[in-house]
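In: What would the 3D arrangement of this be:
(chains A and B)
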There are 2 protein chains.
Amino acid sequence: MSNIRHALQTRREDDFAAWYQEVIAAADMAEESGVRGCMVIKPWGFGIWERMQRLLDDRIKATGHDNAYFPLFIPLSNFEREAEHVEGFAKEMAVVTHHRLIAGPEGGLVPDPEAKLEEPLVVRPTSETIIGDAMARWVQSWRDLPLKLNQWANVVRWEMRTRMFLRTSEFLWQEGHTAHADAAEAKEHTLTMLEVYRAFADEDLSLAVVAGEKPENERFPGAVETWSIEAMMQDGKALQAGTSHYLGTNFAEASGIKYQSREGAESLAHTTSWGVSTRMVGGVIMTHGDDDGLRVPPRIAPWQVVILPMLREKPEDEALIEYCEGLRATLAAQTALGEPVRVLLDTKPGKAAAKRWDWVRKGAPVIVEVGGRDMENGVVSLLRRDALWDEATGKPDFATPTREIAGQTIPDILSDIQAGLLTAARERRDANITRGVSDFAEVEAHFSDVRYPGWVEVQWSKPTGAALDQVVERLKALKLTIRNVPMDAAPVDGPCIFTGDPAVERVLLAKAY
Amino acid sequence: MSNIRHALQTRREDDFAAWYQEVIAAADMAEESGVRGCMVIKPWGFGIWERMQRLLDDRIKATGHDNAYFPLFIPLSNFEREAEHVEGFAKEMAVVTHHRLIAGPEGGLVPDPEAKLEEPLVVRPTSETIIGDAMARWVQSWRDLPLKLNQWANVVRWEMRTRMFLRTSEFLWQEGHTAHADAAEAKEHTLTMLEVYRAFADEDLSLAVVAGEKPENERFPGAVETWSIEAMMQDGKALQAGTSHYLGTNFAEASGIKYQSREGAESLAHTTSWGVSTRMVGGVIMTHGDDDGLRVPPRIAPWQVVILPMLREKPEDEALIEYCEGLRATLAAQTALGEPVRVLLDTKPGKAAAKRWDWVRKGAPVIVEVGGRDMENGVVSLLRRDALWDEATGKPDFATPTREIAGQTIPDILSDIQAGLLTAARERRDANITRGVSDFAEVEAHFSDVRYPGWVEVQWSKPTGAALDQVVERLKALKLTIRNVPMDAAPVDGPCIFTGDPAVERVLLAKAY
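Out: Numbering: from 1, shown residues only, chains lettered A, B, ... in the order given. You can find the predicted model right below:
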C-alpha cells in the first residue's frame, strides 16, 4: 500500500464517474450553469479549449480551409429537405417560436402571442443544411471547386442526460464543410481531415487514438461514410473524439449544390463535413487525469510552467519575486514544442502549499516553488506533474536544480512530458485491446468478468440491414457498440464472429461515452 | 472631371448606402442568409473579424482578463431580476419554447406540444444576468476580487430593420464582465477598457474615434454610466464602435454578488461590462472604403500582400511562379507592424486583370503583379491600395521596383499605409466637427443645409429627467442624437445651447448608424 496522500478524495479505481466530476471541480474547469444541460466553462477549462482551437485551426488552415460564419438559426423548412438528417436530429432540437416578451397576466414575462414567428426557427444542431444553401449560391462552375470552409461555433442538441464536456445541450465545436467535383476527391478529403484529427489528437493532446470507419448503423444522419477517431479512457471505455463524413450528393441534392463541369455538363457536387468539439476536453481529462487531478499535455496547457514564490507578506518578498522573475523572463524568451514557453509567476495572495495543490489539481505540467532558502542557495524546487511523488517517502518529488539549470532544462522537460503522456496513453490502449477472440461467447465472458475490459477487436462479415440490426442488438445487451473499423488493423483470417460467414474486416467493440 | 474608371458602380457621393452594400458584395465579405436578419460572413469578411479578434483578445488578456464561456440560453426568470435591463431588451428577444419537433398534421415538422419547456429560454442578447449568477457563486471574499472575465460569443437581438454588419439579429462580439470591491475601482476599470477600445480602434483599425461618456438617455439598460467610442463615417454619420459600462451594484444586487471585506463586513460588488462587435467591420468599411471597394488597414488584413503571377497556362508559368515564390518567401520571413508579413501567392485560375480587380475590391493593402517581362527585367509591378491611381493618366499607378527592393521595402509600405489611413481618418473627422455653434437654430440650419454635415459639438447644462427628454425630442426632429461627451473636449464657456443655463460640458451631436 502506497503511503501517498492524493490530492483528490475519489480515486479513479473506486468510482471513475465520480472521480471525473471531482477533477472538473478541483481543477476549476467548468460547472453546471443552472440552465438545463448547459455548463459554464471556467477560465482554466476554457484556456485549454482555446489552446486546442488555436492548434487545430492552424492545421485546418494549413490544409486549405477558410473560416466563415453561418446563422445560428435554421428555418424548419430548410432542415426538412434531407429526410435522414432531420430524422436524426428532430428529437433534440431547441425551437425558437417567438421574438418578443410581454408582461404576463400573472406578472413576469411571457412570449408575446402577437410576436409568433410564421415559421419556427431551429437552433443549429449542426450546419450542413444552412451551409449547403450558401454553397448552392457560391458554386457555379468547376472553377469554384473544391470549396473548403470551416466554422467555429456553438451548437445545441437537447440531450436528456448530460455530463460536463462529454454531453451538454449546448457545446462548442468546429464544423468543416467542403464541396468537391467528384466522389473520389470528396472521399479523399474525408480521409485527409480524419488524418488531421488523428495527428491533432496524438501530437497535441497525447490521446493515442484509433482512426477508422464507422459501421453503417453509426453513421451521421445523411452521410454515406462516417469515419472517426476513438480514444481509450482510463476506465477502458471509448470516446469518439472526432468524426469525418463523406456525404455523397445527399446534401448537394437537398440544397441544390450544382456546378458546370469543364465539359459544360451540370453535375451535383459531393460534400464532406467533419467536426471536433469541447467533448475532446473530457477526453483529455479521462486520458491524462490521475488521483491528484488533471494533467494537461504541455501543448494545450494555458500555463506550462507556474512559478510560486513562497511569500510571507514581509519586505523580503520583493527580492524573492525578483529572483523568480529572473526565471520567468528566461523561460518566456525560450521556445518549447515550437512555441514560446507559457510561464506564469503567481504572486496572488494565499498560502504556498495551498497554491501548489491548486496547480497540481489543475495539472500545470511544471510547478516551480521558490522559498527564501532556495534563493540563498541559488536553486529552485521543481515538481513535474507527470512524476509527482517520491514513492519511497510518499512526498512530492522535488528536484532542486540551480535557477540557471532550471531555465535551460525546463523546455526539454515540457517536450518530455508531452511525449511521455502519449507513450503512456498508447501503451495503455495497446495493453487493453483484446485480440484473437473467435467466439461471441468469449466476448460476453470478457465484458461480464473483467472489471475494466477495455476494447475487443473481432472480425466480422460486415452484415447490413436486418443482419446488422441483429448484431447491434446482441451488442446492446452487453452495452457494447462497434466503435470503428481500424484503418491499420491486421488482415482478416477466418469467419465472422457474429454470422459465421467469411470475415471481411476487423471491428473494435467497446462500451463508450 | 477625373478620367478614372472606378472598380465599383456606385460612388460614395452618389448613394452612400448603396455603395456600402456594393462594397460588401464586391469585396466578398458577407451576404444575406435567407434567415431573417441573419447574415453569412464569408471568408474575407470573417478573416478581417478574426484578425480583429486576435488583436483585441491580446489587449484584453494583457489587462488581466481570462476568457470563459457561458450558456447561450437564459431562463426568463433570471432575466427578469433587473427591471431596466429586461425593459431594454424584452422587445427584441428570440424565445425558445420547445425542445423537440414532430410530424405536423399537414406534413412537415412542428414543435412537439409534449415537449414544451416549463420555463421559456431566451437566446442571450447580452450576458450580464447569466454571468452575474456565476459571479455570485465565485465571489465570496475580497480575495476573489477583482474578477475579470471576457467571453467571445454570438448574441441575438431581434432587430426589425437590419443592415449587414451594422445591425443584424445575430451578431458576434466579445463581452467583458468584471466585479470589483468598490465603486472607485470599478469606475476606473470602465475607463481602462474604454481606453483599450480606443487604442484598438485607432492603432489596429485606423478609425480615429472619439471617446466619451454617453448621456443618461443613451445608457445601457441597467447601467449607471455608459462610455463609448464613436467613429465618423465618410458620410459624416457617427458609428458607436464600442461601449464600456459601469453597472454600479445593480446587477450585483439582482444576482447576489456579495463578498466579505477584509474587515469581515458583507458588501455588494460593483460590476462593469463592455463590448465590441462585428459592427466594427461595418465601421472599417465606411471609414476606409473608396470608390474602388474596401481598403483594409494592414494590421487587420487577412492577406497584407497578394502576389499575382500573370499565368498563361504555358510551360513558362513555372519559372514565373518560382520568381514570385522568391518574393513570397522573402516577405513571409520578415515582420511588418510587429508580426510576420501575411503574404499570399495567388496562382488560382483566372485572368490576371480580373484577379487584380478582385483584390483591389477586397482591399488587400499591397498587390504585386508579375508578368514575363517583369521577370526578365528582375522587377515586379507594385500597386498600393491606398494610392491606386495615377491621376494624370487615369491608370493604376504601378511602381516597378526590383524584386529585391520590393522584398526590402514592402514591410515599410505596410506601416506607411496603416499610419496613412489613420491620419486620413483623423483629418476627416477633425475637418467635419463643427464647433463654436452658440444657438440651436444654427444646429438646425447646419443639419438641414449641409449635405454631409458631420458632427456638431455644442455645450450644454446636462439636463436630466423631463428637461433631458425635451432636448432628446428636439434633436429627434432633426434625426440627431447626442453621441457622447468627449473626454478631451475644451472647457465650457457660456450658456447651454438647449436650456440657456450655464453649460457644464460639451456634447457631440450627429446622425448615427
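
In: Next, find the distance separating A:Asn3 from B:Leu345.
Out: Separation of A:Asn3 from B:Leu345 (CB to CB, to the nearest Å): 63 Å. Using the backbone N, CA and C atoms, a C-beta is placed for each residue, glycine as well.

In: So between these two, which is more surrounded?
Out: The neighbour comparison of A:Asn3 against B:Leu345 (other CB atoms under 10 Å in any protein chain shown) goes to B:Leu345, with 19 against 10.

In: can you pull the contacts of the residue lying closest to A:Pro146 once chain neighbours are set aside?
Out: Closest residue in space to A:Pro146, ignoring its immediate chain neighbours: A:His180 at 4.8 Å, by CB to CB, 6 or more residues apart in numbering or on different chains. Taking CB atoms under 8 Å, 6 or more residues apart in numbering or on different chains as the contact definition, A:His180 lies against A:145-146, A:186, A:189, A:269-272.

In: Then A:Ala201?
Out: A:Ala201 sits next to A:207-209, A:229, A:231, A:241-242, A:280 when contact means CB under 8 Å, 6+ apart.

In: Tabulate those residues (CSV), appending pLDDT.
Out: What follows is the contacts of A:Ala201, written out as CSV (pLDDT from 0 to 100):
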residue, pLDDT
A:Leu207, 97
A:Ala208, 96
A:Val209, 98
A:Ile229, 98
A:Ala231, 98
A:Ala241, 97
A:Gly242, 98
A:Met280, 98
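
In: what's the closest of those to A:Thr464?
Out: Among those, A:Ile229 lies closest to A:Thr464 (CB to CB), at 24.0 Å.

In: and that closest one, how far is that from B:Asp290?
Out: With CB to CB as the criterion, A:Ile229 and B:Asp290 are 48 Å apart.

In: Name the residue in the two with the higher neighbour count.
Out: For A:Ile229 versus B:Asp290, neighbours defined as other CB under 10 Å are more numerous around A:Ile229 (28 against 21).

In: May I have the secondary structure class of the spatially most central residue of chain A?
Out: For chain A, the residue lying nearest the average C-alpha position, counting by CA atoms, centre = their mean, turns out to be A:Met280 (1.2 Å). Using DSSP: H, G, I helix; E, B strand; the rest coil, the three-state assignment for A:Met280 comes out as helix.

In: Just the buried residues of the contacts of A:His180.
Out: Among these, those buried by neighbour count (16 or more other CB atoms under 10 Å in any protein chain shown) are A:145-146, A:186, A:189, A:269-272.

In: Okay, buried residues for the one helix or strand A:Leu382 maps to please.
Out: Remark: A:Leu382 resides in strand A:381-384, with elements defined by DSSP states H and E. When burial is assessed from 16+ other CB under 10 Å, strand A:381-384 yields the following buried residues: A:381-384.

In: and it, average pLDDT?
Out: Confidence over strand A:381-384, taken as the mean pLDDT, stands at 98.

In: could you say what helices and strands that strand packs with?
Out: Counting contacts by 3 or more CB pairs under 8 Å, 6 or more residues apart in numbering or on different chains; DSSP states H and E, the secondary-structure elements packed against strand A:381-384 are strand A:366-370, helix A:403-431.

In: Alongside chain B, which residues does the stretch 151-300 of chain A contribute?
Out: Taking CB under 8 Å from any CB of the partner chain as the criterion, the stretch 151-300 of chain A approaches chain B at residues A:153-154, A:156, A:158, A:170, A:172.

In: Recalculate using a threshold of 10 Å.
Out: Among all residues of the stretch 151-300 of chain A, those adjacent to chain B (criterion: CB under 10 Å from any CB of the partner chain) are A:151-160, A:168-172, A:278.

In: Closest to chain B out of the residues you listed?
Out: Distances from these to chain B were compared by CB to the nearest CB; the smallest belongs to A:Trp158, at 4.2 Å.
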